[in-house]
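Trainee: Just need the structure, nothing else, for what follows:
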Amino acid sequence: MKNYIIPSIVAFILAGCTSKTDQTTTTTTTTTTNQSVKTTVTPDECSTINNLINGYESGFNSIKTDKVNNQFTNQWRTNTHMIGANCTVTLNKSEQASYQCQTPVKTQTQTIKSHQKLAKQLRQCLTKAGWFESQKETASSIYSTFVLDTKTPVITLATNQEGIGFSTRFEIAPPLGL
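Mentor: Got it, this is the predicted structure:
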């Protein structure tokens, strides 16, 4: 009897190792001033953003971990991080939830590159669904805001100079119509 169990277990393990999941990737080619840039966005990259947007309705309950001890706000740490490693969900006085992440960045070049990379990913994932992007740039900041309508949360990516360093903030907040 033992002679049949070991080969069965080995066959089961090998079958798991050789199985392959089918992932489709979306490829977009953008041509600007005679330069062709090919960018690939995987379904996983868009699924994180879509899951966060869908989580807004439930107050992001599925990603909340431990509650932050703060007497002024109701705030939780999360297990999902769009940027950095410290993201939170906050309830405002109207019991509306927002998701926010903030990360310090050392150099201006690194800050601009990371902001543009995430803005491009958001653009590729959201504009297909009809989201509108507005971008504002000053000498010390870049803001990218994504809006669908007055009922869907607003997504903001903001990069600012703070003292001698820089900070990037990602936020999904209540819609403009509320």
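Trainee: okay, CA-based contacts and neighbour counts for the rest of this
Mentor: Fine.
Trainee: who's in contact with residue 75?
Mentor: Residues in contact with residue 75 (CA atoms under 8 Å, 6 or more residues apart in numbering) are 67, 68, 69, 88, 89, 90, 91.
Trainee: would a markdown table of the residues you listed with neighbour count, pLDDT and distance to residue 53 be doable?
Mentor: A markdown table is the format used below for those (neighbours: other CA atoms under 10 Å; pLDDT from 0 to 100; distance: CA to CA, whole Å):
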| residue | neighbour count | pLDDT | distance to residue 53 |
| --- | --- | --- | --- |
| 67 | 14 | 93 | 21 |
| 68 | 14 | 91 | 22 |
| 69 | 10 | 84 | 26 |
| 88 | 25 | 96 | 15 |
| 89 | 27 | 97 | 13 |
| 90 | 22 | 95 | 15 |
| 91 | 15 | 92 | 16 |
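Trainee: quick one: average pLDDT of stretch 45-55?
Mentor: The pLDDT scores in stretch 45-55 average 91.
Trainee: Would you mind listing the buried residues in stretch 134-147?
Mentor: 141, 142, 143, 144, 145, 146, 147 (16 or more other CA atoms under 10 Å).
Trainee: Just the residues you listed: which are in strands?
Mentor: In strands, defined here by DSSP state E, the members of those are 141, 142, 143, 144, 145, 146, 147.
Trainee: Just put the residues you listed in TSV and tack on distance to residue 164 and pLDDT.
Mentor: Output for those, formatted as TSV (distance: CA to CA, whole Å; pLDDT from 0 to 100):
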residue	distance to residue 164	pLDDT
141	13	92
142	16	94
143	19	96
144	22	96
145	25	97
146	28	97
147	31	96
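Trainee: and the residue nearest in space to the middle of the chain, what does it touch?
Mentor: Central residue of the chain (CA atoms, centre = their mean): residue 82, 3.7 Å from the mean position. Counting by CA under 8 Å, 6+ apart, residue 82 touches 48, 101, 170.
Trainee: what's around the first one, how many residues?
Mentor: The tally of other residues near residue 48 (other CA atoms under 10 Å) stands at 14.
Trainee: Check the one 5 residues further on too.
Mentor: Using other CA under 10 Å, residue 53 has 18 neighbouring residues.
Trainee: and it, what is it in contact with?
Mentor: 153, 172.
Trainee: okay but residue 133 is in contact with residue 149, surely?
Mentor: No: contact criterion CA atoms under 8 Å: residue 133 and residue 149 do not qualify, at 11.7 Å.
Trainee: With neighbour numbers in mind, choose between those two.
Mentor: Legend: neighbour count by other CA under 10 Å for residue 133 and residue 149, higher for residue 133 (17 against 14).
Trainee: which element is the more buried one on?
Mentor: strand 132-137 (DSSP states H and E).
Trainee: Also residue 170?
Mentor: When elements are assigned from DSSP H and E, residue 170 belongs to strand 165-173.
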